[in-house]
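Novice: Just need the structure, nothing else, for what follows:
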Amino acid sequence: MPPGRWGARENCGCVYRLRVRLLDVYENEVVKFSASPNPVLQWTERGCRQVSHVFTNFGKGIRYVSFEQYGRDTRSWVGHYGALVTHSSVRVRIRLS
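Specialist: Below you'll find the model as predicted:
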């Protein structure tokens, strides 16, 4: 999974979470990755952070990928003030043996 970038507005902190699951044909979870990095505090950070992960050695039978992101601001403001998220993607490489 290539890096996804996330961050906060300068005047409002945020919380970000990511969960990626590899599922079998019955949509049962085979393996998962989750990240809950430390929150960005208000007035402290302006740049973007990155989260990435590569699944390896998970066996055969994967049929689906579940990719979920969650972001919210730390001030509980009404409107669109959650985590800023950009360049999120999932890449699948199939190795034929």
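Novice: which non-adjacent residue is nearest the spatially most central residue of the chain?
Specialist: Nearest residue to the geometric centre of the chain (CA atoms, centre = their mean): Leu18, 3.0 Å. Distances taken as CB to CB, 6 or more residues apart in numbering put Ala35 closest to Leu18, at 4.7 Å, once the chain neighbours are dropped. (Glycine included, C-beta is placed from N, CA and C.)
Novice: same question, Gly7
Specialist: Per CB to CB, 6+ apart, closest to Gly7 is Cys48, 4.2 Å.
Novice: pLDDT score assigned to that neighbour?
Specialist: Looking at Cys48, its pLDDT is 78.
Novice: and the helix or strand of the chain with the lowest mean pLDDT, which strands flank it?
Specialist: When each helix and strand of the chain is scored by mean pLDDT, DSSP states H and E, strand 4-7 comes last, with a mean of 76. Counting by DSSP bridges, the strands paired with strand 4-7 are strand 49-51 (antiparallel), strand 84-86 (antiparallel).
Novice: The ones you listed: which one's closest to Ser76?
Specialist: strand 84-86 (17.0 Å; CB to CB).
Novice: and that closest one, average pLDDT?
Specialist: The model assigns strand 84-86 a mean pLDDT of 82.
Novice: hmm, back to that, now do the phi/psi pair for the residue nearest to Gly7.
Specialist: Dihedral pair for Cys48: phi -100, psi 150, per degrees, to the nearest 10.
Novice: Look up how far Gly13 lies from Ala71.
Specialist: Rather than Ala, residue 71 is Gly. Noted for Gly71: a distance of 11 Å to Gly13, by CB to CB, to the nearest Å.
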